[in-house]
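K.L.:
everything below, folded, please.
(chains A and B)
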2 protein chains.
Amino acid sequence: MTNAHRKFWGWGTEDQTASAEERAFLGAALAKRYATALPTPVPPPKVEDIALRAPRLAVPSNLQRIATTDQRERLIHAYGKSFPDSVRMFQRHVPHPPDVVVYPESEADIVATLDWAGRAGAAVIPFGGGSSVVGGVECDVGDSYKGVITIDLAKLAGVLEIDRESRAARIEAGVFGPALEAQLKPHGLTLRHFPQSFEYSTLGGWIATRSGGHYATLYTHIDDFVQSMRVITPAGPIETRRLPGSGAGPQPERLFLGSEGILGIITEAWMRLQDQPKFRASATARFADFLAGARAVRALGQAGLYPSNCRLIDANEAAGAGAGSAGSLLVLGFEGADHPLDAWMSRALELVRDHGGLIVNDQPKEGASGHRLGAAGAWRNAFLRAPFYREVLVPSGLIADTFETAITWDKFQAFYATVTSRMQEVLARVTGRPGTVTCRFTHVYPDGPAPYFTFQALGRFDALLDQWRTIKEAANDVVIAAGGTSTHHHAVGRDHRSGYARECPPLFADALRAAKSRLDPQGLMNPGVLIDPADRVVGIRGAMRPG
Amino acid sequence: MTNAHRKFWGWGTEDQTASAEERAFLGAALAKRYATALPTPVPPPKVEDIALRAPRLAVPSNLQRIATTDQRERLIHAYGKSFPDSVRMFQRHVPHPPDVVVYPESEADIVATLDWAGRAGAAVIPFGGGSSVVGGVECDVGDSYKGVITIDLAKLAGVLEIDRESRAARIEAGVFGPALEAQLKPHGLTLRHFPQSFEYSTLGGWIATRSGGHYATLYTHIDDFVQSMRVITPAGPIETRRLPGSGAGPQPERLFLGSEGILGIITEAWMRLQDQPKFRASATARFADFLAGARAVRALGQAGLYPSNCRLIDANEAAGAGAGSAGSLLVLGFEGADHPLDAWMSRALELVRDHGGLIVNDQPKEGASGHRLGAAGAWRNAFLRAPFYREVLVPSGLIADTFETAITWDKFQAFYATVTSRMQEVLARVTGRPGTVTCRFTHVYPDGPAPYFTFQALGRFDALLDQWRTIKEAANDVVIAAGGTSTHHHAVGRDHRSGYARECPPLFADALRAAKSRLDPQGLMNPGVLIDPADRVVGIRGAMRPG
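P.N.:
Predicted structure coming up:
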């Protein structure tokens, strides 16, 4: 992917968009759902539509080779890919672009850039794929910085070493998902970390945000795949020791997993890999209601079977994706490289039946197009296409977003009811008509699920940002008040800070601030996300403040 | 267990010791091994044998209810249960006992004790079961403290809440293994964390030291069983949120897992539990040599089968335990509460055979005594009795200790050869005659094993401490130089600090120091273990200093 073709205002590249067929289908479905003709969509912005403020920083001569102040580059790095990011681009509203974008070609380039930032009093935003949906790469850092430098890791994208025996590889942080898998494939290896953003997100971003991936159980986050890492902090480099396991003090990698760029820039990691799977078993089941499905999923999660896929999709979400409306859908899968998985699937299907599930398809076929067929396939195709639908929805004034959390089983039933009803109430109040709230489980733990909520309502294009902010703040509030986590795998960024501030023990936040003061004494790194540094409060005009 | 019967100089209670039969067997075996009659053993110490310095602290009136300066209590809390601890007790050498031992009955008691320590300028040593084998509870804190207060958590030992649906319980940190399991059993639940120290170690100690437990794969440390925790730091309490999973910032529990008491006192935790297992499959195999066995274990570890037991024991260790001398022994087991494990074991045995293993026993029987029979049973019985053998070995001048590590598979073969030969060389040099070095795997990861080395040599009773220290320092050095971790599950304490200082990234140690400065601003908590606090260097006279 070259940036010449990268959309600065939406997902993917300029040749990728919702098809005419998809647009027609969405338009008709939405007009029917909201019983009104949708307004004429605003066209997507062009680079020349948006006037950016002049760069406030002068690139020093030693960095001119790798730095740019090109308008298109500054636009690409101004926002992530969240709903409000999309809204602001369609509204041509970009008041805080980076002043300079730097593409380091080595760690020495990163050190030189951090040195410059320190001298210049500029904030530094680490940038991987820019797929943040929580304001994680935004440049609105308040008035105490002289400017903002975004460091894009895209040129550090190689697989540097492979250890076949231990199934591990040393990988540069700027590699995108497909390029990573392409480099591993000749060795029969795979990371098998497939977030929805896979095509447009990077290893370093996954680590910095504790990304959630392919596996529904056991390896739910990237965390356990990290064997060791290198981080360039403003105070110097940190390299952890490459080990399969250790009990020597607090695990050092865990300070950086989820640090969201506030401590330094992850430059490479030794990652634990898998053999390419050779055996698969999959099945789809239906449940009369979501809670019955949840009980089955609890049994599956506690059985020690460790399915790679265990996604429970509620009736409304399944119907919305064209996967039929008869109850909740459970998509179940096992995979591995070592042995057939019949015994695993056989016991899993017994548990499904014991909990009232109807097996509708126990070996989905693949169609000629390579797309999976059946209800599970329909849902999966909608899932993969969803990022492109936003550019159809936003310009017509639709509010469409998601939030995800995790909750223990004892609290789940009440949690689900409370969150759903609270969200329906706020959507109706904010937009003046009913919206939709659906739920699925993305990941499952023995002690609870990770519910992922999707909501949609018909707003007004010119009011979208305020409408969304009211709704999002209500979501943050109800998730925390009902016992969940502010984010299961989207990260905190700026948009979850009000929830995170209530979730994070205050003295732990203080300890984290103290660690940051040591590693980033000037407070240069990604101000505004996660926590405020010890000595200054960063204005977050574009998102929620902690309560 | 009441402290009236607790051995202050050895493992367990006074009625527990090596039997006359075991003593005779050990004596004969050792005399044969070293081709010399062993010296007459020094008798174990009595309380009145050891003169302790007078307590340097005056207990304030509000704490007299829960504090003691009883000589026996101070002796019990003077050391852990390491080899040098045993030596010093048999040598009647206890120059640094705690001045006061406090048994809090509530968190308020802990807060009051920390307040007193702060006012008095005293160091605080958190104490669970006192089973540390790395100098983790020692009171030799240098001259910058006015005294030492040991806080023993034994009275905070209840299971406070049970959530059957999520399989979790809120448990006080001072509970010992057997009392914990007894409280869970009526609910059909179990933590299944069975370190060798199980009978005499506590939940809080397991968490603070990242204890290694029952499961050979997947849940190797206590870490992943911790759902949330409460910690009383000198700066105040920290309580993490009870969640099945989260991606919100760096995981707060991970700062305290492995913190070894330097940040505060863990008072309780919500722990993830298991159903009582109903299905088991076990097998024993032999391999012509240890490296062939290691290749089989690598295949097992990478197959996605997740055996609960996967212990490879080298020929010398198997022979020493009376489990026969024909090659290396692999003890393999699966267990679970949900389904029969035939398919799992069947594939595992195929892998064993593919790698040259000979299955000698695929369903060990239990004897009338409840002891398992066969080679695996012989080894297991020796493993359970080993802590009691030290009191036979030490007073006769034997050096007998263990160390454990983890290493990636690509380095394992060279590592094993280097460590073994270096240890044989140092044992011979220090004691003037050959010693023994054996190895087993305690835990196995897809990317490498956790080798556990046991060494023995015939030293001189009056020189044991210096002899041991030279040998231990050589072990620390070779483990780190050859690519391992300074400790896989025994913790760093004082004895592994020279290795940990080389393993831990210096800036991570600085960040940890900064976090400690915030949570423990006066540097009261467990000085001498893990790292020195930012503003003072603690004298570690009784153990190794970082290089």
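K.L.:
can you give me the helices for the stretch 351-500 of chain A?
P.N.:
In the stretch 351-500 of chain A, the helices defined using DSSP state H, counting those that start in this stretch lie at A:374-393, A:409-431, A:464-481, A:497-503.
K.L.:
show me what contacts the residue nearest to A:Val492 when sequence neighbours are not counted?
P.N.:
Counting by Cβ to Cβ, 6 or more residues apart in numbering or on different chains, A:Val492 lies nearest to A:Tyr500, which is 4.5 Å off, once chain neighbours are set aside. Glycine gets a C-beta too; all of them are placed from N, C-alpha and C. Applying Cβ atoms under 8 Å, 6 or more residues apart in numbering or on different chains to A:Tyr500 gives the contacts A:486-487, A:492, A:530, A:546, B:248-249.
K.L.:
centre of the chain to stretch A:377-392, how far?
P.N.:
Its chain's C-alpha centre and that of stretch A:377-392 lie 15 Å apart, by Cα atoms, centre = their mean, to the nearest Å.
K.L.:
export that stretch as CSV, just CAs?
P.N.:
Written as CSV, here are the backbone C-alpha positions of stretch A:377-392 (Å, rounded to 0.1, in the frame of the first residue of the first chain):
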residue,chain,number,x,y,z
GLY,A,377,-20.6,-17.1,6.3
ALA,A,378,-23.1,-14.3,5.8
TRP,A,379,-22.3,-12.8,9.2
ARG,A,380,-18.5,-13.1,8.5
ASN,A,381,-18.8,-11.4,5.2
ALA,A,382,-20.7,-8.5,6.8
PHE,A,383,-18.1,-8.3,9.5
LEU,A,384,-15.3,-7.9,6.9
ARG,A,385,-17.2,-5.4,4.9
ALA,A,386,-18.4,-3.3,7.9
PRO,A,387,-15.4,-0.8,7.9
PHE,A,388,-16.4,0.2,4.3
TYR,A,389,-20.1,0.8,5.2
ARG,A,390,-19.2,3.8,7.5
GLU,A,391,-18.6,5.9,4.4
VAL,A,392,-22.1,5.2,3.3
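K.L.:
next, the buried residues of it.
P.N.:
Neighbour counts using 16 or more other Cβ atoms under 10 Å in any protein chain shown place A:377-382, A:387-392 of stretch A:377-392 among the buried residues.
K.L.:
remind me which residues of the stretch 101-250 of chain A are low pLDDT?
P.N.:
Applying pLDDT under 70 to the stretch 101-250 of chain A flags no residue at all.
K.L.:
strands of the stretch 251-400 of chain A, start to end?
P.N.:
Per DSSP state E, counting those that start in this stretch, the stretch 251-400 of chain A has strands spanning A:265-272, A:274-275, A:279-287, A:309-313, A:328-336, A:358-361, A:398-404. These are given in chain order.
K.L.:
assumed A:Pro39 was part of a strand.
P.N.:
No - remark: A:Pro39 does not belong to a strand; assigned using DSSP: H, G, I helix; E, B strand; the rest coil, it is coil.
K.L.:
relative to A:Arg460, how far out is it?
P.N.:
Using Cβ to Cβ, to the nearest Å, A:Pro39 is found at 8 Å from A:Arg460.
K.L.:
pull up the overlap in contacts between the two.
P.N.:
In the contact map built from Cβ under 8 Å, 6+ apart, the residues linked to both A:Pro39 and A:Arg460 are A:Gly397.
K.L.:
pLDDT below threshold where in chain A?
P.N.:
A:1-2, A:4, A:323-325, A:362-373, A:534-547.
K.L.:
okay, now the domains of it?
P.N.:
By the record's domain assignment, chain A is partitioned as A:3-152, A:168-275, A:279-481 (automatic domain parsing).
K.L.:
reformat these as a markdown table; add distance to B:Leu156.
P.N.:
Formatted as a markdown table, those follow (distance: least, Cβ to Cβ, whole Å):
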| stretch | distance to B:Leu156 |
| --- | --- |
| domain A:3-152 | 39 |
| domain A:168-275 | 23 |
| domain A:279-481 | 23 |
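K.L.:
quick one: closest of these to B:Thr438.
P.N.:
With Cβ to Cβ as the measure, domain A:168-275 is the member of the domains of chain A nearest B:Thr438 (21.1 Å).
K.L.:
and the strands in the stretch 51-200 of chain A?
P.N.:
Using DSSP E, counting those that start in this stretch, the strands of the stretch 51-200 of chain A run over residues A:67-68, A:100-102, A:122-127, A:147-152, A:159-163, A:168-172, A:189-190.
K.L.:
can you redo these as TSV with distance to chain B and mean neighbour count?
P.N.:
Formatted as TSV, the strands of the stretch 51-200 of chain A follow (distance: least, Cβ to the nearest Cβ, whole Å; neighbours: other Cβ atoms under 10 Å in any protein chain shown):
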stretch	distance to chain B	mean neighbour count
strand A:67-68	27	21
strand A:100-102	23	26
strand A:122-127	16	27
strand A:147-152	19	25
strand A:159-163	5	16
strand A:168-172	5	23
strand A:189-190	11	21
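K.L.:
give the contact list for the residue in the stretch 151-300 of chain A positioned nearest to chain B.
P.N.:
Using Cβ to the nearest Cβ, the closest approach of the stretch 151-300 of chain A to chain B is made by A:Pro244 at 3.3 Å. With Cβ under 8 Å, 6+ apart as the criterion, the residues that contact A:Pro244 are A:166, A:227, B:406-409, B:445-450.
K.L.:
surely A:Ile207 meets A:Val226?
P.N.:
Yes - if you go by Cβ atoms under 8 Å, A:Ile207 and A:Val226 touch, sitting 6.1 Å apart.
K.L.:
give the intersection of the neighbour lists for those two.
P.N.:
Residues touching both A:Ile207 and A:Val226 (Cβ under 8 Å, 6+ apart): A:257, A:269.
K.L.:
neighbour count: those two, which is higher?
P.N.:
Looking at A:Ile207 and A:Val226 with other Cβ atoms under 10 Å in any protein chain shown, you find the greater number of neighbours at A:Ile207, namely 26 against 22.
K.L.:
need the phi and psi values for the more buried one.
P.N.:
Here is the backbone geometry of A:Ile207 (degrees, to the nearest 10): phi -70, psi -40.
K.L.:
dump the contacts of A:Pro244 to CSV, plus neighbour count and distance to B:Phe198.
P.N.:
Written out in CSV, the entries for the contacts of A:Pro244 read as follows (neighbours: other Cβ atoms under 10 Å in any protein chain shown; distance: Cβ to Cβ, whole Å):
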residue, neighbour count, distance to B:Phe198
A:Ser166, 25, 31
A:Gln227, 27, 30
B:Ala406, 31, 21
B:Ile407, 28, 26
B:Thr408, 25, 29
B:Trp409, 24, 29
B:Tyr445, 23, 22
B:Pro446, 21, 27
B:Asp447, 27, 28
B:Gly448, 32, 26
B:Pro449, 30, 22
B:Ala450, 26, 18
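K.L.:
just the CA coordinates for stretch A:393-404, please, in PDB.
P.N.:
In PDB, the C-alpha atoms belonging to stretch A:393-404 read as follows (Å, rounded to 0.1, in the frame of the first residue of the first chain):
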ATOM      1  CA  LEU A 393     -23.700   5.900   6.700                       C
ATOM      2  CA  VAL A 394     -21.900   9.000   8.000                       C
ATOM      3  CA  PRO A 395     -22.600  11.300   5.000                       C
ATOM      4  CA  SER A 396     -26.300  10.500   5.300                       C
ATOM      5  CA  GLY A 397     -26.300  11.400   9.000                       C
ATOM      6  CA  LEU A 398     -26.400   7.900  10.500                       C
ATOM      7  CA  ILE A 399     -24.700   7.300  13.900                       C
ATOM      8  CA  ALA A 400     -23.200   3.900  13.800                       C
ATOM      9  CA  ASP A 401     -20.600   2.700  16.300                       C
ATOM     10  CA  THR A 402     -19.500  -0.100  18.500                       C
ATOM     11  CA  PHE A 403     -18.200  -0.600  22.000                       C
ATOM     12  CA  GLU A 404     -16.800  -3.700  23.600                       C
END
